[in-house]
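[1] From the sequence below, what's the structure:
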Amino acid sequence: MHNSSLFASRLGLAALLALAIACAYWGATLMAAFVLLVLLLSFGASLWSRNVLAKTSVSIGEGQTACHAGDTLPLALTIHSRSLFPLIWLDVTVPFGEKLIVRREGDEHPELEKGPYEKPEYALRERFAWLLWQQEITCEETLETIRRGVVPIDSIRLQAGDGLGMAASSRSAALARPVRLVVYPRLMPVDIRPFTRLITLAEAGAKGQTEDITLLKSSRPYQHGDPMKRINWRYLAMTGRMEVNQYETITPG
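    Residues are numbered from 1 along each chain as shown. The predicted structure follows:
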């Protein structure tokens, strides 16, 4: 955050005006002219910064807003200036919340923004320079997702200054179309070979169907010729009766 000069504040402008009047009253003409010049420059800088900030709008482009943790998300910021004064510099801060869910790609150690927020938040800061009247500029950033969560973006913090570097004004701009970034849990690789091995052990039936030995349907008394692998050994240990498992039939396709 950039701070304005004390001369560009309301108290500073009042003090300069009072000093100019006092110098003129006591006959210090050159001193009064110098103070008046500083007063005009300070007032112009304050008016410049406030005007360019009030006439600047920010929007976030439509696009991908959801992914899994570990993937990347694109974020496009569009700045439109309607001020007659040229916009010398503009800082745009996009808040991401108190938890580190997303960050700028390549930023390994993001810092908490201690601006005019209720609590320090992680944020994305971009600087734009030299926008003329009715000019528009778009900046695209790639965000890296860290963990699952939801990042609502309802407003953006703006700060702009004059060309003399004397005044800086800031305000919070509500987005006409709020954005919600959704990060789903991280995708983990799974080895499916044990499951395919169980399918191959199942006996084939009619119409190309097989029995899925992971889905138990019922059991029946043991009969001569039943395979040993179908015996319900746990039931045999508890009751002393030999039962054979029967499984659900599935279509592999």
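[2] all contacts plus neighbour counts: C-alpha atoms, from now on.
    OK.
[3] Show me the contact partners of whichever strand in the chain runs longest.
    Determined from DSSP state E, the single longest strand within the chain is strand 168-184. Among residues not part of strand 168-184, those counted as contacts by Cα atoms under 8 Å, 6 or more residues apart in numbering are 2-4, 46, 49-50, 53, 57-60, 65-69, 101, 145, 147-162.
[4] Which members of those residues are classed as buried?
    4, 46, 49-50, 53, 57-60, 66-69, 101, 145, 147-151, 153, 155-162 (16 or more other Cα atoms under 10 Å).
[5] Tell me which entries of the residues you listed lie within helices.
    Using DSSP state H, the subset of those located in helices is 46, 49-50, 53.
[6] Save the residues you listed as a markdown table, and put in pLDDT and distance to Asp226 too.
    Output for these, formatted as a markdown table (pLDDT from 0 to 100; distance: Cα to Cα, whole Å):
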| residue | pLDDT | distance to Asp226 |
| --- | --- | --- |
| Ser46 | 75 | 93 |
| Ser49 | 72 | 88 |
| Arg50 | 75 | 88 |
| Leu53 | 78 | 84 |
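[7] what's the most distant pair in these?
    Farthest-apart pair in these is Ser46 and Leu53; separation 10.9 Å (Cα to Cα).
[8] Spatially central residue in the chain, please.
    Most central in the chain under Cα atoms, centre = their mean is Phe96, positioned 4.8 Å from the mean C-alpha point.
[9] Helix or strand: which one has it?
    With elements delineated by DSSP states H and E, Phe96 resides in strand 87-97, which encompasses its position.
[10] Whichever helix or strand comes after that strand packs against which elements?
    Once the chain leaves strand 87-97, the next helix or strand it forms, by DSSP H and E, is strand 102-104. Contacts of strand 102-104 with other secondary structure elements, assessed using 3 or more Cα pairs under 8 Å, 6 or more residues apart in numbering; DSSP states H and E, are made with strand 122-131, strand 135-145.
[11] between the longest one and strand 87-97, how many degrees?
    Inter-element angle recorded for strand 135-145 and strand 87-97: 30 degrees (by axes from the mean of the first three to the mean of the last three Cα atoms, to 10 degrees).
[12] in strand 135-145, what's buried?
    Buried residues in strand 135-145, defined by neighbour count with 16+ other Cα under 10 Å: 143-145.
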